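Enquirer: predicted model, plus sequence, below.
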Protein chains: 4
Amino acid sequence: MSNARLGCAVLGLGRMGYRHANILATQVPEARLVAVSDALAGRTAEVAADFGVRGSTDWREIVADPEVDAVIVATPSTTHAEICIAAAKAGKAIFCEKPLALTVAECEAIGQAVDAAGVPFQLGFMRRFDPGYAAARRAIDEGAIGDVVAYNGISRDPEAPPEAYVAESGGIYLDCLIHEFDIARFLMGDEVTRVYATGKALVYPWFAKYEDVDTAHVILEFARGGIGHIEGSRHAFYGYDIRGEVIGTKGTITIGYQRQTPIMLLTRAGVTHDFVPGFLERFEQSYAIEIVEFVNAVRAGRKPSVGVWDGRQALAVALAAGKSQRLGRPVALEEV
Amino acid sequence: MSNARLGCAVLGLGRMGYRHANILATQVPEARLVAVSDALAGRTAEVAADFGVRGSTDWREIVADPEVDAVIVATPSTTHAEICIAAAKAGKAIFCEKPLALTVAECEAIGQAVDAAGVPFQLGFMRRFDPGYAAARRAIDEGAIGDVVAYNGISRDPEAPPEAYVAESGGIYLDCLIHEFDIARFLMGDEVTRVYATGKALVYPWFAKYEDVDTAHVILEFARGGIGHIEGSRHAFYGYDIRGEVIGTKGTITIGYQRQTPIMLLTRAGVTHDFVPGFLERFEQSYAIEIVEFVNAVRAGRKPSVGVWDGRQALAVALAAGKSQRLGRPVALEEV
Amino acid sequence: MSNARLGCAVLGLGRMGYRHANILATQVPEARLVAVSDALAGRTAEVAADFGVRGSTDWREIVADPEVDAVIVATPSTTHAEICIAAAKAGKAIFCEKPLALTVAECEAIGQAVDAAGVPFQLGFMRRFDPGYAAARRAIDEGAIGDVVAYNGISRDPEAPPEAYVAESGGIYLDCLIHEFDIARFLMGDEVTRVYATGKALVYPWFAKYEDVDTAHVILEFARGGIGHIEGSRHAFYGYDIRGEVIGTKGTITIGYQRQTPIMLLTRAGVTHDFVPGFLERFEQSYAIEIVEFVNAVRAGRKPSVGVWDGRQALAVALAAGKSQRLGRPVALEEV
Amino acid sequence: MSNARLGCAVLGLGRMGYRHANILATQVPEARLVAVSDALAGRTAEVAADFGVRGSTDWREIVADPEVDAVIVATPSTTHAEICIAAAKAGKAIFCEKPLALTVAECEAIGQAVDAAGVPFQLGFMRRFDPGYAAARRAIDEGAIGDVVAYNGISRDPEAPPEAYVAESGGIYLDCLIHEFDIARFLMGDEVTRVYATGKALVYPWFAKYEDVDTAHVILEFARGGIGHIEGSRHAFYGYDIRGEVIGTKGTITIGYQRQTPIMLLTRAGVTHDFVPGFLERFEQSYAIEIVEFVNAVRAGRKPSVGVWDGRQALAVALAAGKSQRLGRPVALEEV
């Protein structure tokens, strides 16, 4: 790729698509936002005007546009496979939001299209670019904790999403904990082979209507013998609580923030501070860094560090967790 | 019971028995240490001399002694049932170290003897008297977090015990995590109904020789629908790491210390502090408080707050965890 | 001011001027960077090219440019008075880096020019826009700690600046602690009346050559009877350590970060984490927020919240501190 | 001294004297409490009964008692000189509460008597035995931070003592900050040469009636060129806040606790924990350790590590601080 700025188009203009468009427009001098697209005409027009770029409600038109070097796919997960495959065939570099797709078969179809076309592909597992998780990975690589043998992750939302969202979300494993499943693989440097999951609707009984849970525990077994545990919930109330621990044969690394605003109040009632309120605050930097990394990798001809296989594997773990919870027994990854 | 000091005898003079004797002799003015007993004659003589009290290698003789109002049973777990039953028949108040016994049947036999004799009985779950866990229980009772719905516990030893100890320990669930099982019941205010456990020998392969593991995850399901998760390990290296979280419908309480010595070192290499080194440091106060509470309860005619039933239930969870790990499936409590 | 974007020029293209130019070019859609200027022709050309704007080595030319609505003055402190006065006469809005000037008389001349011209003026005390200090101010306003009676500040650089910088810096009070003097006034909501300062060259004896110190303590007395204490140093080594405390009649607020990367390493050697490395990391957000606030205030016709008077008062405290150190006695503010 | 237990008498049975008696009676097997004495007959009788020892309202009688090997002097400070000198002449080992006396001349008279008699003498600066301060001293000795160049201390009481106490206390420097002055000398390994102090009655205006302040800042200059700063107050409200920092040429050590009970509450209102409530909780261990050290030193024929000179020097700093505050200028130590 030449020195020219990378022509980018964002497909899907929900919260995440808009964020990606904004990052491309303001924080990545090596990229040029050239087009946006959403199924809703009004939204498309509005966002196109915000950024002074072309808008279209037809993603196919964008994918066919020769000015577009790369597409950012932030449409509903059900459409990822079709769009990614078309974009690959059109020779576009692809950045796709998580989850990659809703079935392992779709993931594999995407993988085949991407491989056949030889286009760069990056999956939106932004946590890998978080200064905390990235520093943990580097420290492991430098031998700080010996051989890694276990990972523990906590992922708590401050409250339930709207009921309509829950109805469509695919459930806690697919919607939320897929980030943890990816990070567990990333930090363990290994593949999950077997999963046991238990979940309950402890605080929001209405989750049961959608066969979803607001609290889940997942035990992961890894190919080289390691073990993992993920706890997820939708009712932390005090904030957005994301914590991890990687345990090695010589030490442990913990990852996480407990505070947002750098003040504490000390009174007769005790010492009080706030907590990180939400994922946008916690991962604000990560969302920018992942896009910068994508643009840099594409321009440099490097393969992005997180790809289709990662999306496929995290999805498989999420599906196995759901199946395990339904069946009440451990589920091997090849069962999904 | 009159105003007289409570005549106490300690049976079993290993590390824990000696500690109880010392606490009784120096920190509990309402008690009087009158006798000690160990199967080893030399040890008995030595400890008797240390405290200036009568020694005997025959616990039966101590139990028969009219000067003895209460016995502290710190003998090997296999002997608890026989000794406790004899002591109950002799009308003695009983403080018994954990685990109460090695089978549910033995626990129940002890319960019947204690009930029949109407003697006070306290089990050595000292954590309930730790300022942290006790404060958590009080905060829950005061409604600080609404209804409790989940408990998460971490229990990490800094390193493996000697191989000879592991061989006889009964395994990580019985030896270590039984404290967590009791605390989970204590803080949830509920009974465990079903258990799933996975364990591995990740750092010390030789644990496998004894069908034991150095890392375990246990998922607990409770009668009223709550959920729990316990992680235990024998390889924290950085220290003795005991942490808990109780999650309610309105908030969360975390329990735990991260430091021992109140200094930090700040240099070009970063900020460094130490960690609680071991269980004696972490629970030093608890060991004293539980004995004071026992003596006070007996003298006041109050039923001690942690009894035979608690020992039986924690044991049942530990046995179910071991069985679950062996079978690779969840195990209901009534299966053990 | 109309809806048009605010035409901005940056004068002085050292580290801070470049940073301001970059913020204006990429993070403030309401502003338009139109020109840059530095006494060095090469630097001017380079930065002008970076941002695709006009460059001139003659600041007078920029100040005369009708396209320029506002100037950002980041030239050496000795030139602030001349430039600010000229810019005020030309009717430009002014953002000026700290220190405002090197004498109280110069500060007052700037104040007269700004008042006579009626132009908006903001001083670069970016800490007031830091999420921590700003939250502390808000909490005070909300009555969280009653009436404020004392402020304690710590300001430690990780190491000495280059010797050439120290030679020209004006000394620790003017170069470093002026931020603390401003924040003390900001959080106390009061004026300093008397100052006592002691300083030493404890780690870098060569500071003495420049009549400067690497460690200083300053005690501030306030008009309404409050008290303040500032500690500053140039040898923290472990990082950039900025901490504050505001003490009120009902409680205390502490302000500060202790960590940069959200990981901790736990090994047999203890628990280790890093520290905020430098002022750019600590106040990255503040530098952007202060520029956004300036642009917003100018466009809205609001008076910026930190102005000439604040620059004059902080300077007077710094000068009084230097004088106190030299004389070995407290110095009243009117003495400088 | 033989293997016999050290016969100890406690003179002065206020809060601190009672505490010492209790520690001797229950936690120091190498000592034997043989007598107690207070000017109040009722108090003497009551405490004598509590511990089953002899009581006398006449300290001279106790000092003359051949069964008494050592006296613990916890009487009002005005009586320390007379009692210590008499005890030294009687050949008793002496443990004396702080402050040693109220004038430098009295301190020196005590020193001469102790030296002439060759008796062991320990001053009650218990902080030196606190695990935190002691660990800091050890780390310094091990070279962890290079050469020490500065000390910063904070000493905040949660609230004002009763007015009657303030009236007799000798003021904040003598009553409170004397501990800080000693610790500064202990950790710096150096002597203070000059002092500047400022104080105000910020929260309790009635302190002014007694020429006392509720907030003070003291700057210390040391013989080898180092610098110190002490902040003291009587209105922390949130708890008893004792913090220190020793700054060296290679790093910094911080000393201090921020929490008492090991739980945190996390709710929508934020994260809350408690604070160390008072000096008895903060220094509980230190009070026991200092007595154990005294008894051990006397029995082993070792000179206690903190003696008359330390009491004299800390007093001199306190007096110089008071004088500095009154005069509004720095005061050299030889001026008091």
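Expert: Arrived safely, thanks for sending.
Enquirer: could you find the closest non-adjacent residue to residue A:65?
Expert: Excluding its sequence neighbours, the residue lying closest to residue A:65 (Cβ to Cβ, 6 or more residues apart in numbering or on different chains) is residue A:35, at 6.3 Å. For every residue, glycine as well, the C-beta is placed using N, CA and C.
Enquirer: which single residue in the stretch 1-150 of chain A comes nearest to chain D?
Expert: Proximity of the stretch 1-150 of chain A to chain D (Cβ to the nearest Cβ) peaks at residue A:132, 18.7 Å away.
Enquirer: where does the closest residue to that residue other than its chain neighbours land on pLDDT?
Expert: Among residues not flanking residue A:132 along the chain, residue C:262 sits closest, at 3.7 Å (Cβ to Cβ, 6+ apart). pLDDT recorded at residue C:262 is 93.
Enquirer: show me what contacts residue C:262?
Expert: Residues near residue C:262 by Cβ atoms under 8 Å, 6 or more residues apart in numbering or on different chains: A:130, A:131, A:132, A:135, A:255, A:256, A:257.
Enquirer: farthest-separated two in these?
Expert: Pairwise distances across these peak at 12.7 Å for A:135 and A:257 (criterion: Cβ to Cβ).
Enquirer: quick one: residues contacting the residue nearest to residue A:65.
Expert: For residue A:35, the contact set (Cβ under 8 Å, 6+ apart) comprises A:9, A:10, A:48, A:53, A:54, A:55, A:56, A:62, A:65, A:67, A:68.
Enquirer: swap in 10 Å and give it another go.
Expert: A:7-11, A:21, A:44, A:48, A:51, A:53-56, A:59, A:61-63, A:65, A:67-68, A:71 (Cβ atoms under 10 Å, 6 or more residues apart in numbering or on different chains).
Enquirer: ok, of those, which come out buried?
Expert: Applying 16 or more other Cβ atoms under 10 Å in any protein chain shown to the contacts of residue A:35, the neighbour count classes A:7-11, A:21, A:44, A:48, A:51, A:53-56, A:59, A:62-63, A:65, A:68, A:71 as buried.
Enquirer: could you check how many residues crowd around the residue in the stretch 51-200 of chain A positioned nearest to chain C?
Expert: Chain C sits closest to residue A:132 of the stretch 51-200 of chain A, with a gap of 3.7 Å, by Cβ to the nearest Cβ. When counting by other Cβ atoms under 10 Å in any protein chain shown, one arrives at 24 neighbours for residue A:132.
Enquirer: can you classify it as helix, strand or coil?
Expert: Three-state call for residue A:132 (DSSP: H, G, I helix; E, B strand; the rest coil): helix.
Enquirer: return the distance of it relative to residue A:274.
Expert: 19 Å (Cβ to Cβ, to the nearest Å).
Enquirer: helices of the stretch 201-336 of chain A, start to end?
Expert: Counting by DSSP state H, counting those that start in this stretch, one finds helices in the stretch 201-336 of chain A at the ranges A:279-282, A:284-300, A:308-327.
Enquirer: excluding sequence neighbours, find me the nearest residue to residue A:226.
Expert: Computed as Cβ to Cβ, 6+ apart, the closest residue to residue A:226 that is not its neighbour in sequence is residue A:149, at 5.1 Å.
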